[in-house]
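> starting from these lines, generate the structure:
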Amino acid sequence: MGSTRHRNMLGRRWRGSLALGAAAVAGTLMATACSTPEGGGGTGETEGPFTIGVSNGFIGSEWREQMLSELETAFGEYEAEGIVDQLVVESADVDINGQIQQIRNLIRSDVDAIIVNPNSPTALDQVFAEAAEQGIEIVAIDQAVASEDVVNVVIDQAEWASLSAQWLADEVGEGGRIIAVNGIDGHPANEDRWSGASEVFDAAGVEVVANDYAEWDQNQGQTVTRDLLASNPDVDGVFVQDGMALGAFRALQAEGLVDDVVMTGEARVGYMREWDAQRAEGDYTSIGVPNPPSVSVSALHVVIRMLQGEEFTADGLDGNNAWLPIPETITDDTFDERFAEVSDENDAYAVDHALTPEEADAYFE
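Modelled structure (predicted):
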C-alpha cells in the first residue's frame with residue numbers, strides 16, 4: 001500500500017494524510033543519492049506504479065490547503081488502481097532557495113514526476129533542468145514558468161483577472177477612480193493578474209489611485225483596504241484578487257461604504273454568504289471568477305498520461321502551456337444556482353473544478 005510523505009518547515013519527514021485537520025505521524029528522512037535515468041525516478045516505464053512529488057512554496061492561504069487536500073483524494077483513486085504508489089509532498093513557506101531545496105529533496109526521493117506550484121517564473125530553471133536530466137516529468141500549476149523542461153497546467157491568470165476588471169470598469173465607468181488590493185509583490189500569478197487587470201483599466205479610462213499588497217490573506221485584505229480607503233476616501237470601486245475579497249468587503253462595511261463603493265468579489269463561500277445577505281437587502285452587485293484549487297488534480301491527470309508515454313496533440317500544448325478552461329464566472333444572474341452548490345461548505349472553500357480523466361485524455365494523441 002502506498003503512502004503520502006510530507007516534509008514540514010523543520011525538515012522532518014511525515015507520513016499520513018494531508019487532508020485538512022488530519023494528524024501527521026512522524027517518520028524518518030531517508031536521504032538517498034540522486035537517481036540516474038537508468039535507476040529510480042524517471043525510468044521511462046509506462047506501466048507504473050509511479051511516485052509523484054509535490055513542491056508547494058507557499059502555505060499562507062486556505063486555497064493551498066484545498067489544493068493539496070483535493071490532490072491527495074485524486075491520488076488515492078489512482079493508487080487504488082495500482083497506477084501510483086506514493087505522494088511525496090514538500091510544503092512550507094519558503095523563498096526561492098527554499099523551493100530549490102524542496103525540488104532537490106524530491107529528486108533525491110526518486111520521484112517519477114513533480115507537480116510544482118512555483119514561487120518564480122524563472123528562478124527555478126536550473127533545478128528544473130536537474131530534475132529533467134534524471135528523466136523526471138515536471139508540471140507547474142497555478143502559475144506558468146518559462147522553463148522548456150516544464151509543462152504548465154494552468155489557467156491564464158491575466159485573462160482570469162481581466163474578467164473581474166472588465167466588470168468593475170463597466171460599473172465605475174470612464175473616469176472612475178479605484179483602489180487595488182493585490183496578492184504578493186513579484187509573485188508570478190500576481191504579476192500576470194495585475195498585468196491583465198491594468199490593461200483593462202487603461203483601455204477603459206479607469207484611474208487606479210492606489211495599489212497595495214495583502215498576500216492573499218483575508219485579514220490583511222481588510223487592513224490594506226481600510227488603509228487605502230483612509231488615504232483615498234473619494235473612490236468609486238475596489239479591485240481585489242481572490243483570497244482577500246471578504247476582508248475588503250468587511251473594510252467597506254466598517255466604513256459604511258458597501259452601498260457607495262463597488263468591488264470585485266470572489267468565488268469563495270465566506271464572501272458568497274455576504275453577497276447573498278446583501279442581495280436580500282437591496283441592490284448589491286458583485287462578481288466571482290473561480291480560481292480552482294483542483295488545478296492540482298488536473299495536473300495529476302496530465303502528468304500520469306505523460307508518464308504513461310502519451311503524446312500531446314497539436315492543440316493540447318501551446319508552447320509549454322496546457323491551458324485549462326477558466327470555470328464559469330459567478331454573476332448576479334447565476335448566483336442562486338452556484339451558491340446552492342457550495343453553501344454547505346466552510347467559509348474558506350473556493351468554488352472548484354478539475355479536468356475529468358476523460359477531459360485530460362483530450363489533450364493527448
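> may I ask which helix or strand of this structure has the lowest mean pLDDT?
Of the helices and strands making up the chain, the lowest-confidence element is strand 13-16, at a mean of 25, by mean pLDDT, DSSP states H and E.
> give me the nearest residue to the most centrally placed residue in the chain, chain neighbours excluded.
Against the mean C-alpha coordinate of the chain, by CA atoms, centre = their mean, the closest residue is residue 142 at 4.0 Å. For residue 142, ignoring the flanking residues on the chain, the nearest one in space by CB to CB, 6 or more residues apart in numbering is residue 117 at 4.8 Å. No exception for glycine: its C-beta is placed from N, CA and C like everyone else's.
> tell me, how many residues neighbour the one you found?
Here the number of neighbours of residue 117 (other CB atoms under 10 Å) works out to 22.
> looking at it, it is touching residue 63, isn't it?
No: under the criterion of CB atoms under 8 Å, residue 117 lies out of contact with residue 63, with a separation of 10.2 Å.
> what are the boundaries of the strands in this structure?
Shown for the chain, the strands assigned by DSSP state E span residues 3-7, 13-16, 24-26, 50-56, 84-91, 113-117, 137-141, 151-154, 177-182, 207-213, 237-240, 262-263, 321-323.
> mean confidence score for the shortest one?
Per-residue pLDDT values over strand 262-263 give a mean of 98.
> adjacent strands (with direction) for that strand?
Strand 262-263 has the following sheet partners, assigned by DSSP bridges: strand 237-240 (parallel).
> what comes up buried for the strand it pairs with?
When burial is assessed from 16 or more other CB atoms under 10 Å, strand 237-240 yields the following buried residues: 237-240.
> with distance to residue 182 and pLDDT as extra columns, can I get these in JSON lines?
Listed next are these as JSON lines, based on distance: CB to CB, whole Å; pLDDT from 0 to 100:
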{"residue": "237", "distance to residue 182": "15", "pLDDT": "98"}
{"residue": "238", "distance to residue 182": "11", "pLDDT": "98"}
{"residue": "239", "distance to residue 182": "8", "pLDDT": "98"}
{"residue": "240", "distance to residue 182": "8", "pLDDT": "98"}
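> low-confidence ranges in the protein?
Per-residue confidence for the chain (pLDDT under 70) gives these ranges: 1-46.
> domains in it, as residue ranges please.
3-155+292-324, 157-281 (automatic domain parsing).
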